[in-house]
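[1] A predicted structure for the sequence below; I have some questions about it.
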Amino acid sequence: MLLVYAPDRPDGDLADRMELQLGLTPQARIDDAAFAASPLPWPARRVLPDGRERALELVALPTGWALRSVRSEDEPLWALEGPVFRPGELVTLRRPDGEEHVFRVVNVETG
């Protein structure tokens, strides 16, 4: 996914990207059952424009999904809101302070 909007970058930034490894249903939604059955956390990473990378993992919440840094379980959660994950769809990442970063899904790989 590529950043299409952030408060400090209203025109987006093609060098700011998010990569998620998710199990999806045939309708391109996060597969709750596959997540529950997975023995390992589902990884994600954010690649910032300066090349730094942040390792993350998907977290299930009673009200949806979030991403958390793998550095510590005490790291704040960033809400992940995306009804479907297919090319062209928008996904919102909401910081703990409420600031939103919007990403566009540009590629989905299977396997």
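    Sure thing, it's come through.
[2] Where does Ala34 fall, secondary structure wise?
    For Ala34, the element it lies in under DSSP states H and E is helix 32-37.
[3] can you give me the strands for this structure?
    Secondary structure of the chain by DSSP state E: the strands cover 2-5, 13-20, 43-47, 53-61, 64-69, 78-81, 90-94, 100-104.
[4] How about the last one, which residues are buried there?
    The neighbour-count check on strand 100-104 (16 or more other Cβ atoms under 10 Å) flags 101-103 as buried. C-beta coordinates here come from the backbone N, C-alpha and C atoms, glycine included.
[5] again with the fourth one
    Of the residues in strand 53-61, those buried under the neighbour-count criterion (16+ other Cβ under 10 Å) are 56-59.
[6] Stretch 73-82 now?
    Buried-residue list, stretch 73-82, by 16+ other Cβ under 10 Å: 78-80, 82.
[7] Just put the strands of the chain in TSV and tack on mean pLDDT and distance to Arg29.
    Output for the strands of the chain, formatted as TSV (pLDDT from 0 to 100; distance: least, Cβ to Cβ, whole Å):
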stretch	mean pLDDT	distance to Arg29
strand 2-5	98	21
strand 13-20	96	13
strand 43-47	96	17
strand 53-61	94	13
strand 64-69	94	10
strand 78-81	95	12
strand 90-94	96	12
strand 100-104	97	17
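[8] would you list these in CSV and tack on distance to Asp31?
    Below are the strands of the chain laid out as CSV (distance: least, Cβ to Cβ, whole Å):
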stretch, distance to Asp31
strand 2-5, 23
strand 13-20, 13
strand 43-47, 15
strand 53-61, 11
strand 64-69, 11
strand 78-81, 14
strand 90-94, 16
strand 100-104, 20
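[9] Leu80 touches Leu67, doesn't it?
    Yes. Using Cβ atoms under 8 Å, Leu80 makes contact with Leu67 at a distance of 5.4 Å.
[10] Common neighbours of these two, please.
    Listed as contacting both Leu80 and Leu67 by Cβ atoms under 8 Å, 6 or more residues apart in numbering are 58, 93.
[11] show me the residues around Phe35 that make contact.
    Neighbours of Phe35 in contact, by Cβ under 8 Å, 6+ apart: 23, 42, 58, 60.
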